[in-house]
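Participant: Sequence plus predicted model, see below.
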Amino acid sequence: MVDRAIPMAVAAPPGRLFLGHPPGLAFLAFTEAWERFSFYGMRALLVLYLAQELLLPGHIENVAGMDAYRSALESVVGPLSTQALASQTFGLYAGLVYFTPVFGGLIADRWLGARTTVLIGIALMTAGHFFMAFEWAVLLALLLLILGSGCLKGNIAAQVGHLYPREDESRRSRGFTLFSTGINIGAFLGPLVCGLLAQVYGWHVGFATAGVCMLFAAAIYLAGLKHFAPEPTRGRQRVVHAALTGPEWQVIALIGVVLMFGLTQTLAYDQMFNVGLIWISERVALGTPLGSVPEAWFAAEDALVSVLVVPVLIAVWGWQARRGGEPGDLGKIAIGGVLQAMASGIFALGELFAGDGPVPIGFPVAAFICSGTGFMYMWPTTLALVSRRSPAKTVALMMALAYMTGFVSGLVTGYIGGTYEAQPPVQFWAWQAVLAISGSVLIWLLGPLLRRRMDRLEAETDSVLPAA
């Protein structure tokens, strides 16, 4: 029997639509906005805090478990300077928060359900953010944040997908774009507020602020429970999941190919928040007539662009759709890779322009405009594609696997970041640009074949589904 336990749509009450979408989208988007406020506010501070304070003599000795952690890390990658240790630690954290959602998806699909799992994630992340305010507890805090993120990430996104019929590709894609707007509102305000508070009052105030915001996320999520799609019965009464069919396994494999192509952009994108912030602090003239710009604010700029560009993209895509020329999912992902290549290339151009002097602030400003726009072409579209194409019985797990690209990216960018000091910065950023555009080239070459094959497999699967 084919499993239909996971609902693919929920009817919104008349007159209660949110910008033309089910009302549950609003609660999920605002929950994610507050959670991302805390996550990105903390992330914008992390690599700078590690490199400029915590890993320096007089502080590193206070961190519980640091000796064992550093020894284990250096046994794999070799001796690490302060900058390299900061980049590696940031990369491990940034990667692992995208690895644990696989287990969060399994827990939600098989046992607890998405709602309970998300609430556990919020509790763990709240504790983790508050522990970041104490030097001795930083490694413990990062562990709690990693585990909490695993419970929350994929399950929130999966609940968005459940609000739409599978065949409604266009509205689903726009729904995920609005959901990502909530993410980026939080991602803008988090670095802006936490970065300013950290500069004025100290690192620990910035970290504690991130913890407070998780409490707002919990309140909004609880308020929206009645608007989410119903979950299958769990425990002894839960529906038994049928084995995946051959066509379903092939669809999963093809989704994996698309995720690998998109990974090249993710690698270059994530590096801008690792070595990129260190590069800005070392090479960019940050002084203005109003004072020095906090490095963390560039992370906020990326998110602000991602918010402001949404109405533009929706208008452009609507105009293209009316003329039959809107890019498909794969086309939008490829365009995102080109824009990210431009962002990394602008860093390299800034080095060439400045020579031995400081890089003008306009270069990173322009780079983050490109990266923010590229993100909105690529990531919401990727989530929409995975949500729509995945077999119904595996949606939460497949959404978690989409986030696994962030795990791979975190590990790889951490390792690459450790090589930054060994090469000219212009060379480092030029290679990031090449990396970003390589996936786009592969999509343009193989994308039509991939789409036709997925359409054919989807038709084969639908032809054997029993009547609901």
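Facilitator: Yes, it's here. Since the structure is predicted, the reported quantities are computational estimates derived from the model, not experimental observations.

Participant: Sketch out the strands for this protein, chain order is fine.
Facilitator: Along the chain, counting by DSSP state E, strands occupy 287-288, 291-292.

Participant: Return the distance of the last one from the chain's centre.
Facilitator: Think strand 291-292. Averaging C-alpha positions (Cα atoms, centre = their mean, to the nearest Å) puts strand 291-292 30 Å from its chain's average.

Participant: Within the sheet, what are the partner strands of it, with directions?
Facilitator: strand 287-288 (antiparallel) (DSSP bridges).

Participant: ok, residues contacting the partner strand?
Facilitator: Here strand 287-288 makes contact (Cβ atoms under 8 Å, 6 or more residues apart in numbering) with 293, 361. For the C-beta atoms, the positions are set from N, CA and C on the backbone; glycine is no exception.

Participant: Stretch 51-60 now?
Facilitator: Identification of contacts with stretch 51-60 by Cβ under 8 Å, 6+ apart yields 63, 66, 82-83, 85-86, 135, 138, 203, 278, 281.

Participant: let's go with 10 Å and repeat that
Facilitator: 45-46, 48-50, 62-63, 66-67, 70, 80-87, 89-90, 135, 138, 202-203, 277-278, 281-282, 295 (Cβ atoms under 10 Å, 6 or more residues apart in numbering).

Participant: List only buried entries from the residues you listed.
Facilitator: Using 16 or more other Cβ atoms under 10 Å as the burial test, these include 45-46, 48-50, 63, 66, 70, 80, 83-87, 89-90, 135, 138, 203, 277-278, 281, 295 as buried.

Participant: So which of those residues sit within helices?
Facilitator: 45-46, 48-49, 66, 70, 83-87, 89-90, 138, 203, 277-278, 281 (DSSP state H).

Participant: ok, back up a step: as a markdown table, the strands of the chain with mean neighbour count and distance to residue 427 would be great.
Facilitator: As requested, the strands of the chain are exported to a markdown table (neighbours: other Cβ atoms under 10 Å; distance: least, Cβ to Cβ, whole Å):
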| stretch | mean neighbour count | distance to residue 427 |
| --- | --- | --- |
| strand 287-288 | 10 | 27 |
| strand 291-292 | 10 | 28 |
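
Participant: which one of those strands lies closest to residue 408?
Facilitator: Residue 408 lies closest to strand 291-292 among these, at 35.1 Å (Cβ to Cβ).

Participant: Touching the closest one from outside, list them.
Facilitator: Applying Cβ under 10 Å, 6+ apart, the external contacts of strand 291-292 come out as 199, 285-286.

Participant: out of the residues you listed, which is most surrounded?
Facilitator: Counting neighbours by other Cβ atoms under 10 Å, residue 199 leads the contacts of strand 291-292 with 19 neighbours.

Participant: How about the helix ranked longest in the chain, which residues are buried there?
Facilitator: The longest helix of the chain (DSSP H) is helix 425-463. Using 16+ other Cβ under 10 Å as the test for burial, helix 425-463 gives 425-426, 428-433, 435-440, 442-443, 447, 450-451, 454, 457-458, 461.
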